[in-house]
Each structure stands twice: as structure tokens, then as C-alpha cells.
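*Asks:* structure of the sequence below:
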Amino acid sequence: MGRQRKTQISGRQSAREVFVTRVNLHAKHAVDDYQCQRCANSVEDRNHVFFGCSSSSELWRVMGLSHISLLSDDEVWNANAPPGLDASIWPFVFLTILWRLWDDRNGQVFRNETSCSRVVISRVCDDLVVWRKRLHPDLVNSLHGWRSFLLDCTGTAFAHSG
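*Replies:* Numbers count the residues shown, from 1 in each chain. This is a model prediction of the structure:
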């Protein structure tokens, strides 16, 4: 099985099972409520953390990928890439975005950090540079294309955050 396929399967499992949201903690009687501590507008389940919370939905909007939130768990891994970008590394990019959304959520909830889409996207881009060696050398240029696309989005995010 190829490295990307293993990453995709591992990512699907992680996205479904690993994240300790308030819904999971409430079910284990570890917290008194399951409300999102960032927006206080919804139940904090996995879908809310990554797509529904205003912080997350703003990020997807800025990247021009708002439609991702409408896809099923299985469909999201095969989502269409924006024009000119290599869809074959979408699972790799998607996992990096999910990781940074989770990290941003934890920063806001546990460390009282403030953030914005521009910062999260910049961190995704930094991670793509660090992790590029995990990809087959033939895909590094594709990764650079994704990174350029995301960096262009940081200008959009900056324009909307002012």
C-alpha cells in the first residue's frame, strides 16, 4: 500500500476517533457541558471544530473551500482541488489543515491565544515545508503549488481581517 494511501486511511481514522471534543468529554462525564468554548453557539463535536465553528468556517471560506463542510467523511478525502492544483496530494494538505485547525482550537481554549485565518494558513504553509520530504520527490512541485495557493489566501485573509 502506498504512503499516501496509508496517510489517507490513518487520517480518516484519526478524524473520526482521536479528537477529544467536548461532546466526547461530556459523554465520559469529564465536563459539565458540551458547548464550544470558542463560539458558544453550538455543540463542540468533531464536525463543529473543523467546519462549523466560526473560526473554522472562516478559514475554509478564505481558502475558497467552503464546500468541504458539505461533504461526507468519505467524500472529503476525494474532494476536487482548486483549478491548477494537484488533487493527488489533497489528503496530505487536508490533514495538515485539520491539524492546524485543531492546534488553533487548543490554543484558544487552553492557552487563551487569539488567532485568525491568516495565522492558521501561514502555519499550514510552514508545516507543508517541513513535511515535504514525506512525499515522493515527483510530488514536491505539486506541494509548492498548494503552498503558493494557500499563501495567496493569506493576503485575502489579511484584507478581510482589517
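
*Asks:* N80 reaches A87, doesn't it?
*Replies:* Yes. Assessed by C-beta atoms under 8 Å, N80 is found in contact with A87 at 6.6 Å. No exception for glycine: its C-beta is placed from N, CA and C like everyone else's.

*Asks:* now S66: how far from C53?
*Replies:* According to C-beta to C-beta, to the nearest Å, S66 and C53 sit 14 Å apart.

*Asks:* any low-confidence regions in the chain?
*Replies:* 1-19, 21-31, 33-34, 156-162 (pLDDT under 70).

*Asks:* roughly how far does E113 sit from V119?
*Replies:* Counting by C-beta to C-beta - E113 and V119 are separated by 9 Å.

*Asks:* more neighbours: which of these two?
*Replies:* Between E113 and V119, counting by other C-beta atoms under 10 Å, V119 is the more crowded of the two (18 against 12).

*Asks:* can you tell me the SS state at the more buried one?
*Replies:* At V119 the chain is in helix, as set by DSSP: H, G, I helix; E, B strand; the rest coil.

*Asks:* helix, strand or coil for the closest residue to G145 other than its chain neighbours?
*Replies:* What sits nearest to G145 in space, not counting adjacent residues and going by C-beta to C-beta, 6 or more residues apart in numbering, is L85, at 5.5 Å. Per three-state DSSP, the secondary structure class of L85 is coil.

*Asks:* which residues touch N80?
*Replies:* Shown in contact with N80 (C-beta atoms under 8 Å, 6 or more residues apart in numbering): A87.
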